[in-house]
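Engineer: fold the following, please.
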Amino acid sequence: MSAEGYQTGEIVLISGPIVTARNMRSALMYEVVEVSGLRLVGEVVRVVEDLATIQVYENTSMVKPGDPVYRTGAPLSVTLGPGLIGSIYDGIQRPLPQIQERSGAFIRRGEKTLPLDPQKGWHFVPAVKAGDMVSAGAVLGTIQETPAVAHRVVVPSGLRAPIRVAEIAAEGDYTIRDQAAALDTAGGRQRVMFTRSWPVRTARPVGGRKPPDSPLITGQRVIDTLFPLAKGGSAAIPGGFGTGKTMAQHALAKWSDADIIVYIGCGERGNEMTDVLTDFPKLVDPRTGRPLMERTILIANTSNMPVAAREVSIYTGITLAEYYRDMGYHVAVFADSTSRWAEALRELAARLEEIPAEEGFPASLPTRLAQFYERAGAVETLGGRAASISIVGAVSPPGGDFTEPVTQHTRRFVRCFWALDRDLANARHYPAIHWLTSYSQYLEDVRGWWNAVDPEWDRLRNEAMDLLQREDRLQQIVKLVGPDVLPDSQRLVLDTCEIIKTGFLQQNSFDAVDMYCAPQKQVALLRAMLRFYDRGKELVSRGGALADIRALAVFQELVRAKGVVASDDGAGLKALLSRVDEQFDGLERRLK
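Structural biologist: Numbering: from 1, shown residues only. Okay, here's the model as predicted:
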């Protein structure tokens with residue numbers, strides 16, 4: 001037994017982050033242990049007789065055979081309670097700002113810091129009284145965690161009914177170490193504290209699954225209108241280096257209409273993660289006008305951090321997201337990037353001497369991806385509230401090759417695929433989501449919501465996609481023989497698609513008007529552009545000249561409208577459509 005009362009093992013083999021220890025016969029799978037006198041945090045991943053294989057979440061340099069291993073008897077868990085919002089953690093929930101204060105720019109090995117401040121006071125307002133009967137998931141009271149988030153203290157799951165409130169904390173200020181309530185259950189009295197822990201590899205229970213019938217509005221036209229993501233859905237953003245994956249996720253994190261944002265920087269380059277950590281606290285939440293961090297949790301695990309911590313970071317992030325989902329919030333999780341996470345799995349599998357599959361990735365890669373993405377979903381919580389977790393995972397295929405294993409397996413488990421294109425990125429067309437290689441399987445699910453916004457959304461979207469597909473086929477002819485051989489009807493398709501690509505699909509994140517586009521504006525812009533095409537096609541069929549159509553002032557107005565007409569300017573959007581008709585009417589009168 002150790003001085004702290006833990007049974008100890010002894011290291012016999014070290015291979016990078018993988019350590020083998022003996023005298024560990026009673027160790028449990030995924031049990032947390034502490035390695036060597038430095039007390040490095042690790043997790044048991046294999047047990048054979050009295051030998052346990054441990055993946056260590058910190059650098060194992062200078063650890064040697066014979067060093068002790070201390071058991072904890074518990075799985076890797078996160079601490080849940082008020083104070084999570086606005087925090088910046090590493091992959092195993094160590095708060096980075098506090099670590100910086102104690103050890104400087106680099107994390108000292110064995111550094112232990114509490115995830116939540118035990119001294120900070122939180123004002124609790126009870127929602128029940130002693131003697132009330134409650135059920136799992138019922139709200140016992142609230143804490144205003146930030147101006148944007150009310151933290152709901154709920155009845156834990158797993159308690160045997162009937163459940164009666166025996167004691168409830170009076171309104172006042174408490175720390176996370178205080179008791180919120182005492183409950184009398186069929187299994188005896190249970191204390192409910194203001195903080196609790198949960199194993200990261202275990203999904204939190206819900207009351208039931210619901211169909212994802214409303215879109216996660218992002219303000220990005222190419223996503224919301226053409227390839228929508230439902231609240232509770234999962235999406236992938238694959239793209240090669242420099243195509244704008246991180247930039248797209250930043251825009252989604254800022255503008256999506258989720259209540260809580262969890263951003264997981266999983267194995268990204270240090271300079272990119274530094275930009276995230278410095279920029280996010282400065283971002284203004286467009287919903288409240290206050291800092292975006294007041295409803296955001298950041299998890300930073302850069303590529304130079306230990307590879308094992310990279311592997312666990314996405315489980316840490318999704319568990320924090322589930323905690324707020326259980327309060328009744330809609331949560332958006334952004335993982336950047338799952339390819340780096342898969343590379344961590346590959347390295348750990350190689351050191352564990354597992355038989356490799358495609359490109360050296362472990363055979364369990366599809367299962368691990370499924371376990372992550374399937375924790376998304378629209379649900380009814382145990383307390384009967386509607387909530388959701390939406391997951392957007394970036395994928396970084398080497399050389400932009402979408403046939404590599406991580407991208408291919410990810411496609412099996414997501415229903416929304418936003419494929420980034422290098423040519424679009426090189427042309428400074430952002431978001432660089434290509435309209436022909438992307439898709440969304442949530443169209444049927446969100447059709448009812450969109451039709452309530454505008455009954456023509458479905459028709460306009462399909463017509464735009466049809467035009468873009470025709471334009472792609474015509475471009476192949478143009479590359480061979482030039483555009484002049486095409487009849488005016490086909491050149492009109494090219495011109496209209498140029499308007500759609502530049503004036504609708506391309507969006508400027510630095511333009512105060514264009515950085516966010518409301519759903520009503522998206523449909524109005526697309527309607528005006530397609531009206532331009534319909535009127536032009538009719539005029540050309542009657543012998544009109546394409547040159548006259550191009551000379552219309554509205555030709556350029558449609559391209560510029562995205563940055564000129566505000567989202568809430570309904571009159572301006574209607575006037576744009578009216579000008580299309582007026583100018584074509586005038587052109588027709590001149591041609592008679």
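Engineer: got the contact list for Gly240?
Structural biologist: Residues near Gly240 by Cβ atoms under 8 Å, 6 or more residues apart in numbering: Ser396, Pro397, Pro398, Gly399, Gly400, Leu420, Arg422. No exception for glycine: its C-beta is placed from N, CA and C like everyone else's.
Engineer: roughly how far apart are the fourth one and Trp450?
Structural biologist: Think Gly399. In this structure, Gly399 and Trp450 are separated by 36 Å, where distance is defined by Cβ to Cβ, to the nearest Å.
Engineer: those two: which is more packed in?
Structural biologist: Trp450 (22 against 8; other Cβ atoms under 10 Å).
Engineer: ok, Asp568 - contacts?
Structural biologist: Residues in contact with Asp568, defined by Cβ under 8 Å, 6+ apart, are Ala518.
Engineer: can you report phi and psi for it?
Structural biologist: Main-chain torsions, Asp568, degrees, to the nearest 10: phi -90, psi 10.
Engineer: from Gln522, how far off is it?
Structural biologist: Applying Cβ to Cβ, the value for Asp568 to Gln522 is 13 Å.
Engineer: just to revisit the earlier point, redo the contacts of Gly240 as JSON lines? Include pLDDT.
Structural biologist: Supplementary listing: the contacts of Gly240 in JSON lines, determined by pLDDT from 0 to 100:
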{"residue": "Ser396", "pLDDT": "92"}
{"residue": "Pro397", "pLDDT": "92"}
{"residue": "Pro398", "pLDDT": "89"}
{"residue": "Gly399", "pLDDT": "85"}
{"residue": "Gly400", "pLDDT": "87"}
{"residue": "Leu420", "pLDDT": "96"}
{"residue": "Arg422", "pLDDT": "94"}
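Engineer: buried residues of the helix or strand where Gly393 lies, list them for me.
Structural biologist: Assigning secondary structure by DSSP states H and E places Gly393 in strand 386-395. Residues of strand 386-395 classed as buried: Ala387, Ser388, Ile389, Ser390, Ile391, Val392, Gly393, Ala394, Val395 (neighbour count, 16 or more other Cβ atoms under 10 Å).
Engineer: for it, packing partners?
Structural biologist: strand 234-238, helix 245-255, helix 307-325, strand 330-336, helix 338-351, helix 365-373, strand 377-380, helix 405-413 (3 or more Cβ pairs under 8 Å, 6 or more residues apart in numbering; DSSP states H and E).
Engineer: Glu358: which of these is closest?
Structural biologist: Taking Cβ to Cβ as the measure, the helices and strands packed on strand 386-395 were each checked against Glu358, and helix 405-413 came out nearest at 4.4 Å.
Engineer: how far away is the residue nearest to Arg340 when sequence neighbours are not counted from Lys210?
Structural biologist: With Cβ to Cβ, 6 or more residues apart in numbering as the measure, Gly267 is the residue that lies nearest to Arg340, at 2.6 Å, once sequence neighbours are left out. Distance check for Gly267 against Lys210: by Cβ to Cβ, it reads 33 Å.
Engineer: please apply the same query to Pro82.
Structural biologist: Looking at Pro82 against Lys210, where the rule is Cβ to Cβ, the gap reads 27 Å.
Engineer: neighbour-wise, which of the two wins?
Structural biologist: More neighbours sit around Pro82 than around the other of Pro82 and Lys210, counting by other Cβ under 10 Å; the figures are 24 against 16.
Engineer: residue contacts, the more buried one?
Structural biologist: Pro82 touches Leu116, Trp122, Ile143, Glu145, His151, Ile176, Phe194, Thr195, counting by Cβ under 8 Å, 6+ apart.
Engineer: where does it fall, secondary structure wise?
Structural biologist: According to DSSP H and E, Pro82 maps onto no helix or strand at all.
Engineer: and the lengthiest helix in the chain, what's buried?
Structural biologist: Ranked by residue count and defined by DSSP state H, the top helix of the chain is helix 457-481. Applying a neighbour-count criterion of 16+ other Cβ under 10 Å, one finds Trp457, Leu460, Arg461, Glu463, Ala464, Leu467, Leu468, Glu471, Leu474, Val478 buried in helix 457-481.
Engineer: please apply the same query to stretch 199-218.
Structural biologist: Residues of stretch 199-218 classed as buried under the neighbour-count rule (16+ other Cβ under 10 Å) are 199-200, 203-204, 206-207, 210, 212-218.
Engineer: make CSV out of those residues and add secondary structure, distance to Arg108 and pLDDT.
Structural biologist: Supplementary listing: the buried residues of stretch 199-218 in CSV, determined by DSSP: H, G, I helix; E, B strand; the rest coil; distance: Cβ to Cβ, whole Å; pLDDT from 0 to 100:
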residue, secondary structure, distance to Arg108, pLDDT
Pro199, strand, 26, 95
Val200, coil, 23, 94
Ala203, coil, 33, 95
Arg204, coil, 32, 95
Val206, coil, 39, 95
Gly207, coil, 43, 94
Lys210, strand, 46, 95
Pro212, coil, 44, 93
Asp213, coil, 49, 92
Ser214, coil, 46, 95
Pro215, strand, 45, 97
Leu216, coil, 40, 97
Ile217, coil, 43, 96
Thr218, coil, 40, 96
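Engineer: nearest to Arg102, of those?
Structural biologist: Val200 (24.1 Å).
Engineer: list the contacts for the closest one?
Structural biologist: When the contact criterion is Cβ under 8 Å, 6+ apart, the partners of Val200 are Pro75, Leu76, Ser77, Val78, Val312, Tyr315, Thr316, Ile318, Thr319.
Engineer: spatially nearest residue to it (excluding sequence neighbours)?
Structural biologist: Once flanking residues are discounted, Val200 sits nearest to Tyr315: 4.0 Å by Cβ to Cβ, 6+ apart.
Engineer: what about that neighbour, distance to Ile433?
Structural biologist: In this structure, Tyr315 and Ile433 are 28 Å apart, going by Cβ to Cβ.
Engineer: which intervals of this protein have sub-threshold pLDDT?
Structural biologist: Residues of the chain that meet the criterion pLDDT under 70 lie in 1-7, 269-271.
Engineer: what residues go with each domain of it?
Structural biologist: Domains of the chain are assigned by automatic domain parsing as 8-75, 80-102+206-446, 122-194, 454-591.
Engineer: now the longest one, how far from the centre of its chain.
Structural biologist: Relative to its chain's centre, domain 80-102+206-446 lies at 3 Å (Cα atoms, centre = their mean, to the nearest Å).
Engineer: pull up the distance across that domain, start to finish.
Structural biologist: For domain 80-102+206-446, the first and last residues are 33 Å from each other (Cα to Cα, to the nearest Å).
Engineer: the helices in the stretch 101-250 of the chain, which residues?
Structural biologist: In chain order, the stretch 101-250 of the chain shows helices spanning 221, 245-255, with DSSP state H, counting those that start in this stretch as the criterion.
Engineer: indicate which one of those is closest to Arg542.
Structural biologist: For the helices of the stretch 101-250 of the chain, distance to Arg542 was read as Cβ to Cβ. The smallest value, 32.3 Å, belongs to helix 221.
Engineer: what residues does the closest one touch?
Structural biologist: For helix 221, using Cβ under 8 Å, 6+ apart, the contacting residues are Phe504, Leu505, Gln507, Cys517, Gln522, Leu525, Lys562.
Engineer: rerun at 7 Å
Structural biologist: When contacts are taken as Cβ atoms under 7 Å, 6 or more residues apart in numbering, the neighbours of helix 221 outside the stretch itself are Phe504, Leu505, Gln507, Cys517, Gln522.
Engineer: out of those residues, who's nearest Gly232?
Structural biologist: Minimum separation from Gly232 among these (Cβ to Cβ) is found for Gln522, which lies at 21.5 Å.
Engineer: near the closest one, how many other residues are there?
Structural biologist: The tally of other residues near Gln522 (other Cβ under 10 Å) stands at 28.
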